[in-house]
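Colleague: When you get a sec, could you give me coordinates for this:
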Amino acid sequence: MPFDNVRSLACDEPDRPDVALAEAALARFRARHPYLLFRNRAVPALRRLTGPPHGLRSRSTKPPIKSPVESPAAAVPQDPRTAIKRQARQLIATSFVALTADGAAAEAALAATCEALDGFAAAASWKARPVIRSFLDCAEIAVAVSLAYDWLFHKLSPGRREAIESAIRRNVLDPALAAYQDRSLLWPKRCDNCTLVSNSGILIAALAVLRPYRALSAELVRHSLASSWHAFSALAPDGAWREGLSYWSLAMRYAALMVAALESTLGTSLGLAGRPGFAETGDFALHAAGPFGAAFNFGDSDQRFDLSPLAWHAHRFGRPIDRWLLHGCEARHAAFAAIWPKQAGEGPVTLGLPTGKVFRSGDLACFRNTWSSAPPARQVYLAIKGGNLFSRIGGGAPRPEDVALHAQADAGTFVLDGARHRWVVDLGGDDYDLPGYFDHGKDARSGRRWQYYRSQAAGHNTLTINGRDQVPNAAAAIIGSCTEGDCKWAVFELSGAYGLPPGTVRRGAALIGRQVVIQDEADPAACRTIVWAMHTSAEPVALAGSLARFRLGADCLVARILEPVGARFELVSPPAPRSFALDAATPLHGLAPGDGAVVSELPRNADRPGQRAAGAPIRRLQIAWPAGARRLTVLLLPDCDCDELALPVAPLDHWLARRPVRLTGLPRRGWLARSARTPTHASPVRLATSKLGYHSGYAGEEPPTSRDHA
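Modeller: Residues are numbered from 1 along each chain as shown. Okay, the predicted model is just below:
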């Protein structure tokens, strides 16, 4: 619906999968290898598709795949997560070549695959990082080993098969059953990428050895299905993923592999393919990225993301827009690209898709003025999010399994693209090895995670109220929106994010033509002090009262306070990064620490392609909300023209009532004529030392010093 005032859309969906359907499908299983992702009868066609001129067969086994025979630290001395992905990707590639190639290429690929499988079969564990309690790392290896075992079953010796089967049981099946039966573990109950990847690895491994370990595998299929059923509910009703696009890429790759394996093995997805939002999740990839390719990187997510997981979606659901998104996308797994090859699609212009989208599954609004990439179109993109807790969960403190581990205190934050640049930036996540980085606290708001600037509300493009941080895992829903025409907008109920009664704090965001309005309304009686902030890596060229100008190359951004009278901009530098000493026993996501190891917050700089926080310095434009004011309205104009600066202000109640259409209703302000006379250039802007402060520890407490972490 293009316009609505609905707090949330309830989905009429079952709470659990159909156990009887699963039992019947498992009882009917009689398939012969290969059956994971495709059946044996599809192999001749795959051989034709992967031969010349496609070139998959030329991707041989150099360098040979290494596996953690001795210990994870010895086998993967640098960046364990990257090494795990590389191992899995290489094993899948060589086993697929061994199946589909002929002659020397097939022999070389088979030899490399067998060497890797022997290594994995001999490994004491497939878990590379003790700090990870889920099956995230193990699952990626489990999928690769299971696919190789299934695809090459008839080319493997009986002894090698038995060794692989035993390794799968030892490293995946037995520990997975114990994990599902351990009620203290949270990952099977969560709705995040770790849960989907873990369940996918367990389920695919169970399907691979369904014949030798039938009872155990069948039980694990049921457990994995139940856990995945709950995780898939995070996509309802419209396909957005609350962890952001970079985590979406990983989650959807393994969700797709899980469903594809079920359908090829048992002839049914057991209901997963029909879960609300799953088929439409490509819409999230389409709308949650700006016109210049950068994702809205809220939470710990990244501006970069991988679209190739949509290959299965495009094949399974046949959506033209998914096929269009894949055009020009480099496949991370050549084998999957061959199994689900690209097809011609149609873009948003041809399909007549709206330029605005509101996602109820993520309390996310994404607006742009055009789908055209032609320079005369002058693209502008605005994306803004609400809270991190599903609105339909209800009131009260979230359960531990409902806490979004990668969430930040960022309700109401937004990004803005225009004139080929991202003008308003999200700083993204910090170093995962910072002390307590994933410690949300027992109440999901007082843990050590919230001492870090990038995790705090002050580190985002939103409000800080009464000197306190937001309640990070709170519901902050969209209460009204419009996505059609040249006036697109959304209004968020932010009160819960500040621990205040409903109706106390609301934020509206609108894209009107190429003009962006951010309008906040708050009850002065409950909000004694409010700081409005946005972050930018653009160069400041003018700052005078209610007007600020920034430059990136030859392009310009203008920010103007429309009301209240007397509100003034201040430009400051974010607080400097801090460093923390780690002891040798601290479990880390990266390398194991040695004596005297130090981990630091990332610099306050913009990202470069492939480099975090290595770009231009980020500055913070902020406003001290005048005492007693009920409304603060800021106009943002990327690549602005003076004749566009004519936008009166209307209360958010008028937005919600959809009157008038362009959110106007008051006479034009006198600043229009003055702004036309404001010079484009001014003397260099001196960064002020902020008098407004930022959150340095929940409830005003000072953050621990590095000595506290030694």
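Colleague: Dead centre of the protein: give me the residue that sits there.
Modeller: The centroid of the chain falls nearest to Gly244 when counting by C-alpha atoms, centre = their mean (1.8 Å).
Colleague: How about the contacts made by it?
Modeller: 288, 295-302, 406 (C-beta atoms under 8 Å, 6 or more residues apart in numbering). Heads up, the C-betas are built off the backbone N, CA and C, glycines and all.
Colleague: So, low pLDDT: which residues of the stretch 301-450 of the chain?
Modeller: 390-397 (pLDDT under 70).
Colleague: quick one: the helices in it?
Modeller: Under the criterion DSSP state H, counting those that start in this stretch, the stretch 301-450 of the chain contains helices at 310-317, 320-326, 334-339, 348-351.
Colleague: buried ones in the shortest one?
Modeller: Applying a neighbour-count criterion of 16 or more other C-beta atoms under 10 Å, one finds Pro348 buried in helix 348-351.
Colleague: Does anything pack onto it? Which helices or strands?
Modeller: helix 320-326 (3 or more C-beta pairs under 8 Å, 6 or more residues apart in numbering; DSSP states H and E).
Colleague: Summarise which helices and strands the helix it packs on is packed against.
Modeller: Under the contact rule (3+ C-beta pairs under 8 Å, 6+ apart), helix 320-326 is packed against helix 282-287, helix 310-317, helix 348-351.
Colleague: Using PDB, write down the CA coordinates of the first one.
Modeller: The C-alpha atoms that make up helix 282-287 are tabulated as PDB, following Å, rounded to 0.1, in the frame of the first residue of the first chain:
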ATOM      1  CA  GLY A 282      15.400  -9.200  -3.300                       C
ATOM      2  CA  ASP A 283      13.300  -6.000  -2.800                       C
ATOM      3  CA  PHE A 284      15.500  -5.300   0.200                       C
ATOM      4  CA  ALA A 285      18.700  -5.500  -1.800                       C
ATOM      5  CA  LEU A 286      17.100  -3.200  -4.400                       C
ATOM      6  CA  HIS A 287      15.900  -0.500  -2.100                       C
END
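Colleague: Quick one: distance of it to the chain centre.
Modeller: Chain-centre distance of helix 282-287: 12 Å, with C-alpha atoms, centre = their mean, to the nearest Å.
Colleague: returning to that earlier point: neighbours of the nearest residue to the residue nearest to the centre of the chain once chain neighbours are set aside, just the number please.
Modeller: Leaving aside its sequence neighbours, Gly244 sits nearest to Ser301 (C-beta to C-beta, 6 or more residues apart in numbering; 2.6 Å). By the criterion of other C-beta atoms under 10 Å, Ser301 has 25 neighbours.
Colleague: do His589 as well
Modeller: Neighbour count for His589, taken as other C-beta under 10 Å: 15.
Colleague: dump the residue contacts of it.
Modeller: His589 neighbours (C-beta under 8 Å, 6+ apart): 81, 129, 131-132, 432-433.
Colleague: Out of the residues you listed, which end up buried?
Modeller: Buried members of the contacts of His589, scored by 16+ other C-beta under 10 Å, are 81, 129, 132, 433.
Colleague: And those residues, which two are furthest apart?
Modeller: In these, two members sit farther apart than any others by C-beta to C-beta. They are Ile132 and Asp433, at 12.8 Å.
Colleague: State the pair within the contacts of His589 that is farthest apart.
Modeller: Greatest spacing in the contacts of His589, by C-beta to C-beta: Ile132 and Asp433 (12.8 Å).
Colleague: Most neighbours out of the contacts of Gly244, which is it?
Modeller: Tallying neighbours with other C-beta under 10 Å puts Phe298 at the head of the contacts of Gly244, with 29 neighbours.
Colleague: That residue: what secondary structure?
Modeller: Following DSSP: H, G, I helix; E, B strand; the rest coil, we place Phe298 in the coil state.
Colleague: do Leu36 as well
Modeller: coil.
Colleague: what's near enough to touch the closest residue to Arg422 other than its chain neighbours?
Modeller: Spatially, and ignoring its direct neighbours in sequence, Arg422 is nearest to Ala294 (5.6 Å; C-beta to C-beta, 6+ apart). Under the criterion of C-beta under 8 Å, 6+ apart, the neighbours of Ala294 are 303-304, 417, 422.
Colleague: Next: Gly418.
Modeller: By C-beta under 8 Å, 6+ apart, the contact list for Gly418 reads 378-381, 514, 555, 557, 638-639.
Colleague: just to revisit the earlier point, please tabulate the helices of the stretch 301-450 of the chain in a markdown table, including the columns distance to Leu203.
Modeller: Formatted as a markdown table, those follow (distance: least, C-beta to C-beta, whole Å):
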| stretch | distance to Leu203 |
| --- | --- |
| helix 310-317 | 15 |
| helix 320-326 | 23 |
| helix 334-339 | 17 |
| helix 348-351 | 34 |
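Colleague: among the ones you listed, which is nearest Asp102?
Modeller: When those are compared by C-beta to C-beta, helix 334-339 sits nearest Asp102, at 15.3 Å.
Colleague: For the closest one, which outside residues touch it?
Modeller: 37-38, 46, 49-50, 54, 56, 59, 92-93, 95-96, 100, 308, 311-312, 331.
Colleague: Give me the buried positions along it.
Modeller: Buried residues in helix 334-339, counted by 16+ other C-beta under 10 Å: 334-339.
Colleague: between these, which is nearest Leu235?
Modeller: Lowest distance from Leu235 to those (C-beta to C-beta) belongs to Phe336, with 20.6 Å.
Colleague: give me every residue that touches Thr536.
Modeller: Residues in contact with Thr536 (C-beta under 8 Å, 6+ apart) are 423-425, 550, 557, 618-619, 621.
Colleague: pLDDT below threshold where in the chain?
Modeller: Scanning the chain for pLDDT under 70 picks out 1-13, 52-78, 390-397, 584-587, 591-596, 641-647, 659-710.
Colleague: can you do 80?
Modeller: For the chain, applying pLDDT under 80 flags the ranges 1-15, 50-80, 331, 390-398, 583-596, 640-648, 658-710.
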